[in-house]
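Colleague: build me a structure from this.
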Amino acid sequence: MLLVSFIGMFCGVTFKRWGVTGMYTLAVTSLFVFGGLAVLVSWRYWWGEIGAWFVDQSSLSLLAGWPALLTLVLAAANLLVLRRATP
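Modeller: Got it, this is the predicted structure:
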């Protein structure tokens, strides 16, 4: 839940800093990055290896560790962008 909150906060901070142009840029960039990763993984036939990697992870790391790491990254990004957005 905290990760999803920070994702929403990042969208809000992006809108505060760059307005509608920043939101369009964020959406298009996300589409190209995640779409490009999906195409690359499909082209290289890595889906089985990615699935095996998830199966090999412990439940604690999947449910707490990786989301906590992503939350920290988004919190740092929010802080850096928000410091520039407000005087």
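
Colleague: next helix or strand past the helix ranked longest in the chain?
Modeller: The longest helix of the chain (DSSP state H) is helix 2-43. Next along the chain after helix 2-43, taking DSSP states H and E as the criterion, comes helix 47-56.

Colleague: how is this structure carved up into domains?
Modeller: 16-56, 58-87 (automatic domain parsing).

Colleague: could I get these as a markdown table with mean pLDDT?
Modeller: Output for these, formatted as a markdown table (pLDDT from 0 to 100):
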| stretch | mean pLDDT |
| --- | --- |
| domain 16-56 | 95 |
| domain 58-87 | 89 |
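
Colleague: a markdown table please, covering those and showing distance to residue 7.
Modeller: Any C-beta I mention is one placed from the backbone N, CA and C, and that applies to glycine too. A markdown table is the format used below for those (distance: least, CB to CB, whole Å):
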| stretch | distance to residue 7 |
| --- | --- |
| domain 16-56 | 11 |
| domain 58-87 | 6 |
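
Colleague: indicate which one of those is closest to residue 10.
Modeller: Ranking these by their distance to residue 10 (criterion: CB to CB) puts domain 58-87 first, at 5.5 Å.
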